[in-house]
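>>> Okay, predicted coordinates and the sequence, questions at the end:
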Amino acid sequence: MSRCITICPIGSVEKGILEHISECISFRCNLTCRFFTGMDNPKYAYNEIRCQYDSKLILRHLLRECPHDTLKFIGVTSVDLYVPILQFVFGLAQIEGKCSIVSLRRLYPQFYNQLPDPDLLLKRVEKTVLHELGHTFGIIHCRDRRCVMYSSTRIEDTDFKQPAFCPTCSELFKWHLDKSLQQDP
Ligand SMILES: [Zn+2]
Ligand SMILES: [Zn+2]
């Protein structure tokens, strides 16, 4: 299997953010990134009552479109995501699967009526992407609040954690990565 991660914008996503995600994955995980032709706004997943998008439906769509020769496939969207049992999610991933999705919506300081802060936004994006990517490598939630695999239920959780795996999760990541690279495409 190649060391390539494919990033797929879903709907309109700032180019600078996509490039930042690519740089972070290369830097933190020593993997290469490429971009997938964008997908349209996921109207099929829109819930009119909640005014949000069903993240599981989008994940299922990503799975159908996933290129065969990619190690992982990450969808990035600006729309607000949910799963039925929660008010919202920052992202969703298949545990030990190929696909994940990240929402930028609640990462913008403006969402919390704060002033725009591009550095803060990019840090949040990095942590959210690493977290979902970690799930696709089979890593579950970590109890260490500083670890990127700690479950963020509020943006404060994301701001508190580091953009890195704790020593235990880091070992797991390496182990799962090696295992994935040995598999046939
Ligand atoms: Zn998680
Ligand atoms: Zn950890």
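Done, it's in. Residues are numbered from 1 along each chain as shown. Ligands and ions are numbered 1, 2, ... in the order given.
>>> Residues of the chain that sit close to ligand 2?
Residues of the chain found near ligand 2 (Cβ under 5 Å from the ion) are 142, 144, 147, 149, 166, 169. C-beta coordinates here come from the backbone N, C-alpha and C atoms, glycine included.
>>> which ones are touching the fifth one?
So that's residue 166. For residue 166, the contact set (Cβ atoms under 8 Å, 6 or more residues apart in numbering) comprises 142, 144, 146, 147, 149.
>>> could those go into JSON lines alongside pLDDT?
Output for the contacts of residue 166, formatted as JSON lines (pLDDT from 0 to 100):
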{"residue": "142", "pLDDT": "98"}
{"residue": "144", "pLDDT": "98"}
{"residue": "146", "pLDDT": "98"}
{"residue": "147", "pLDDT": "98"}
{"residue": "149", "pLDDT": "98"}
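>>> Out of these, which two sit at the greatest distance?
Spatial extent of the contacts of residue 166 (Cβ to Cβ) is set by the pair 146 and 149 at 10.3 Å.
>>> And those two? Which one has more around it.
Neighbour count, other Cβ atoms under 10 Å: between residue 146 and residue 149, residue 149 has more, with 23 against 11.
>>> Which of the three states applies to the more buried one?
Three-state assignment for residue 149 (DSSP: H, G, I helix; E, B strand; the rest coil): coil.
>>> And it, its phi and psi?
Dihedral pair for residue 149: phi -90, psi 0, per degrees, to the nearest 10.
>>> Correct me if wrong: it contacts residue 139.
Yes: look at residue 149 against residue 139 with Cβ atoms under 8 Å: they come within range, at 5.5 Å.
>>> mind checking which helix or strand residue 26 is in?
helix 15-29 (DSSP states H and E).
>>> So which elements touch the helix or strand following that helix?
Later in the chain than helix 15-29, the nearest helix or strand by DSSP H and E is strand 32-35. If you count contacts as 3 or more Cβ pairs under 8 Å, 6 or more residues apart in numbering; DSSP states H and E, strand 32-35 packs onto strand 4-10, helix 15-29.
>>> In TSV, list these along with mean neighbour count.
Listed next are the helices and strands packed on strand 32-35 as TSV, based on neighbours: other Cβ atoms under 10 Å:
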stretch	mean neighbour count
strand 4-10	21
helix 15-29	17
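>>> Which one, of the ones you listed, ends up nearest to residue 70?
Judging the helices and strands packed on strand 32-35 by Cβ to Cβ, what sits closest to residue 70 is strand 4-10, at 4.2 Å.
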